[in-house]
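**Student:** Build me a model:
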Amino acid sequence: MAEQKRILVVDDDQIVRNSLCELLRMEGHLSRGAEGFNQALNELEKQHYHLVLTDVNMPEIDGFELLRVIRKRYPDIVNIVITGYGTIESAVEAIKMGAYDYLTKPIVEEEIIMLVTRALEQQALIQENRHLKEQLRSQYGLKNIVGHDYKMLKVFDLIEAVADNKATVLITGQSGTGKSLIARAIHHRSDRMDKPFVEVSCGALPETLLESELFGHVKGAFTGAVSNKEGKFLAADGGTIFLDEIDSATPGLQMKLLRVLQERQFEPVGSNDTKTVDVRVILATNKNLQDQVRTGRFREDLFYRINVVNIDLPPLAERNTDIPLLAERFLLSMCQKHGRDKTGFTKETVRYLQSYHWPGNVRELENVIERAVVLGKHSQIFPEDLPEHVLDYADQETVNGFQRLSLRQALEEPEKKILEMALRQNNYNRQATAEMLQINRTTLYKKLKRYHLDAEHLSRTAKL
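**Tutor:** This is a model prediction of the structure:
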């Protein structure tokens, strides 16, 4: 059953007001009447309305003032103006004030029913558009970027600061640190969020094709150009273009990019027809562009043009406290993706994750968690669910960091490994294990408890 729409009818003429309310009820809507400005505002404060039908000529405060207030306080409400004194000037004024349309009395029932139906369809589209924008903000906004580390908090502050201006942004950081995610967050927090976001990986295309990909070409511009092609800059007009791996650009392409940034103009390959675009440019690189400027591989004037605002993303190894947060986020998304039900990570698993150096950064962590979700056989993620290279690195770090351990920790670690080995050799029989180690069962139980060794769990794991 479709949702009933609430409609407020504002008219100082009681007969007209009641007639309209009754007509709207017969059409399946919920309608109420108000005789003027103040009563209308009281109704709007008490109930959510989808549409307002208002007369313009009313005592004390006219319908135009009501339109102004509704537009400011209740922007989702659609308005239709009705009056017995219709002129072109008043119709234009009503539209400027945000009215969907304008009708004159006497009212024709079929006409107003048709107009209300169209206006409510417009209101539904406004709501749907707002919902989609909220979804985009949620998907690509700051809430989707995990980080409590102080370096990431600085990144969040920069995103907020640059989102609503046209400044060119250069995002730097190692591969896998999330440069594309930051670029999307900037776009979706800006006033361009409902316009295109176009991403181009400059390093993924050969230099002969990259210029055509960015600026387009005309038919016959080169071998294989069998038709005209619109480039990515035109596709992003009004929105944002994100150029990843900008360090891959050739000197000739760098010169053309410099012109676009300075003048917002360019010519497609093989054409003399100048194109003008309104586009925000965000760039990214995992290289040190200043070094490339010094060696002559990157234009100095272009570097200073793109380095207006620099957002430098720290490697994951420098965000150690964020690793458990990111792991939990990826666990949730991967369980949804693969239809699995995992409750979390064991403490030992988290220690392994935080001990690893993550050369592939956040992207590598995401892949590791996806693997654990797919291959893990328990409700929690255990160390054995992690790849061997993660476990081996963490174990080596433990050896390298042995001198930092306390004497008690240094003595306990080999004892724990001896207990695990003895349990395995005795098929996890506690009595046999105690006899092998020449200790009584009570002592064995205490040691198993101290080292969080669950013999039954270890036995089940070994059999899987």
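**Student:** the strands in the stretch 101-250 of the chain, which residues?
**Tutor:** Counting by DSSP state E, counting those that start in this stretch, the stretch 101-250 of the chain has strands at residues 169-172, 197-201, 240-244.
**Student:** can you put these in JSON lines and add mean pLDDT?
**Tutor:** Putting the strands of the stretch 101-250 of the chain into JSON lines (pLDDT from 0 to 100) gives the following:
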{"stretch": "strand 169-172", "mean pLDDT": "98"}
{"stretch": "strand 197-201", "mean pLDDT": "96"}
{"stretch": "strand 240-244", "mean pLDDT": "97"}
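**Student:** Run through the stretch 251-400 of the chain and note the low-pLDDT ranges.
**Tutor:** Low-confidence regions of the stretch 251-400 of the chain, defined by pLDDT under 70, span residues 395-400.
**Student:** which outside residues touch stretch 95-105?
**Tutor:** Judged by CB atoms under 8 Å, 6 or more residues apart in numbering, the contacts made with stretch 95-105 from elsewhere in the structure are 16, 64, 67-68, 70-71, 78-86, 90-91, 94, 111-112, 115, 118-119, 122. In this view, the C-beta of every residue, glycine as well, is placed from N, C-alpha and C.
**Student:** now, which of the residues you listed lie within strands?
**Tutor:** Mapping these onto strands (DSSP state E) picks out V78, N79, I80, V81, I82, T83.
**Student:** and the second one, what is it in contact with?
**Tutor:** N79 sits next to L51, V52, L53, T54, L67, I70, R71, M97, G98, A99, Y100 when contact means CB under 8 Å, 6+ apart.
**Student:** Make TSV out of the residues you listed and add secondary structure and distance to T177.
**Tutor:** Rendered in TSV, the data for these read as follows (DSSP: H, G, I helix; E, B strand; the rest coil; distance: CB to CB, whole Å):
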residue	secondary structure	distance to T177
L51	strand	48
V52	strand	50
L53	strand	55
T54	strand	54
L67	helix	49
I70	helix	46
R71	helix	43
M97	coil	49
G98	coil	44
A99	strand	49
Y100	strand	47
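**Student:** Just the buried residues from the residues you listed, in PyMOL please.
**Tutor:** Buried residues among these (16 or more other CB atoms under 10 Å), as a PyMOL selection:
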select buried, resi 51+52+53+54+67+70+97+99+100
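**Student:** And the contacts of N79, which is closest to G147?
**Tutor:** R71 (38.6 Å; CB to CB).
**Student:** got the buried residues for stretch 284-291?
**Tutor:** Under the neighbour-count criterion of 16+ other CB under 10 Å, stretch 284-291 has A284, T285, N286, L289 buried.
**Student:** what does it contact?
**Tutor:** 170-175, 179-180, 183, 242-247, 298, 303, 307.
**Student:** can you do 10 Å?
**Tutor:** Under the contact criterion CB atoms under 10 Å, 6 or more residues apart in numbering, stretch 284-291 has outside partners 169-177, 179-180, 182-183, 199, 201-203, 242-249, 283, 292, 294, 297-300, 302-303, 306-307, 310-311, 313.
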